[in-house]
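Enquirer: For reference, the sequence and a predicted model appear below.
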Amino acid sequence: MSHPDKKQQTKEKILQSTLEFIQKEGFEAVTIRKIADLSSTNISLVNYYFGSKENLLSEAIEVILNSFQHTFSVLDNTAIPPQDRLKQFLLNYLQVIRQYPELLSRIIVMGSTPFTSQQEYGRFLMGFPKVQNTIRELTGEQQSERLLAMMLQIFGAIFLPALMSPILESGAVVEMPSIEEQLNLLFERYFDQK
């Protein structure tokens, strides 16, 4: 193994440890010391590869955003009926959100603040026109303001239960329907014309 490969492996190990820590403990709990311990490295190495906690978090957010961007690709597959594409997208998107629920919460509360640049925030938002186009296919709606409102209603109907289910299931002992059941109910009510 060459020296650059070992360096890259060390950097990846630190980044992967950071992502795992964020999944379990959230962004606010991240410290360089905790990441060094978790990655079996040391504070100096974490600082060497990332320079600061902020840079480390920025790279972690970049990885998470790439996960989100991947979920939009199903919307490009016109061989799949629009309703099925939208359902699959929402399922994929929710899987990422459930891995990193704090990121969505931070975005809701802070807007573009969790992002280190407008470019990063723009990449986060760039898939949303694909969602609107799919809704346009399903409904025939042409007004962009109405398409935006419909998209936000769908996201709200899916994301709020997904974010609240751990609280409801543990504290209130409420058994939530599966994500698939929630999506089917939403689509029956929202898109099925009788």
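Expert: Structure received.

Enquirer: What is the subsequent helix or strand relative to the longest helix along the chain?
Expert: In the chain, with assignment by DSSP state H, the single longest helix is helix 144-171. Using DSSP states H and E, the helix or strand that follows helix 144-171 in sequence is helix 179-190.

Enquirer: how far does that next one sit from the chain's center?
Expert: In this view, helix 179-190 has its centroid 20 Å away from the chain centroid, taken as Cα atoms, centre = their mean, to the nearest Å.

Enquirer: start the count at 781, not 1, going forward
Expert: Okay, residue one is now 781; in that scheme the one you just asked about reads as helix 959-970.

Enquirer: buried stuff in that helix?
Expert: By neighbour count on 16 or more other Cβ atoms under 10 Å, the buried set for helix 959-970 is 959, 962-963, 966-967. C-beta coordinates here come from the backbone N, C-alpha and C atoms, glycine included.

Enquirer: Same check on stretch 930-946?
Expert: Going by neighbour count (16+ other Cβ under 10 Å), the buried part of stretch 930-946 is 930-931, 934, 937-939, 941-943, 945.

Enquirer: Not counting that stretch itself, show me its contacts.
Expert: The contact list for stretch 930-946 (Cβ atoms under 8 Å, 6 or more residues apart in numbering) reads 866, 870, 874, 877-878, 881, 884-885, 908, 911-912, 915, 919, 921, 956, 959, 962-963, 966, 970.

Enquirer: Can you tell me which of these are buried?
Expert: Buried members of the contacts of stretch 930-946, scored by 16+ other Cβ under 10 Å, are 866, 870, 874, 877, 881, 884, 911-912, 915, 959, 962-963, 966.

Enquirer: continuing past the helix or strand bottoming out on mean pLDDT in the chain, what's the next helix or strand?
Expert: Least confident helix or strand, the chain: helix 898-905 with a mean of 61, by mean pLDDT, DSSP states H and E. Using DSSP H and E, the helix or strand that directly follows helix 898-905 along the chain is helix 908-919.

Enquirer: That following helix to helix 924-951, inter-axis angle?
Expert: 100 degrees (axes from the mean of the first three to the mean of the last three Cα atoms, to 10 degrees).

Enquirer: Tell me the helices and strands packed up against helix 908-919.
Expert: For helix 908-919, the packing partners by 3 or more Cβ pairs under 8 Å, 6 or more residues apart in numbering; DSSP states H and E come out as helix 862-879, helix 924-951.
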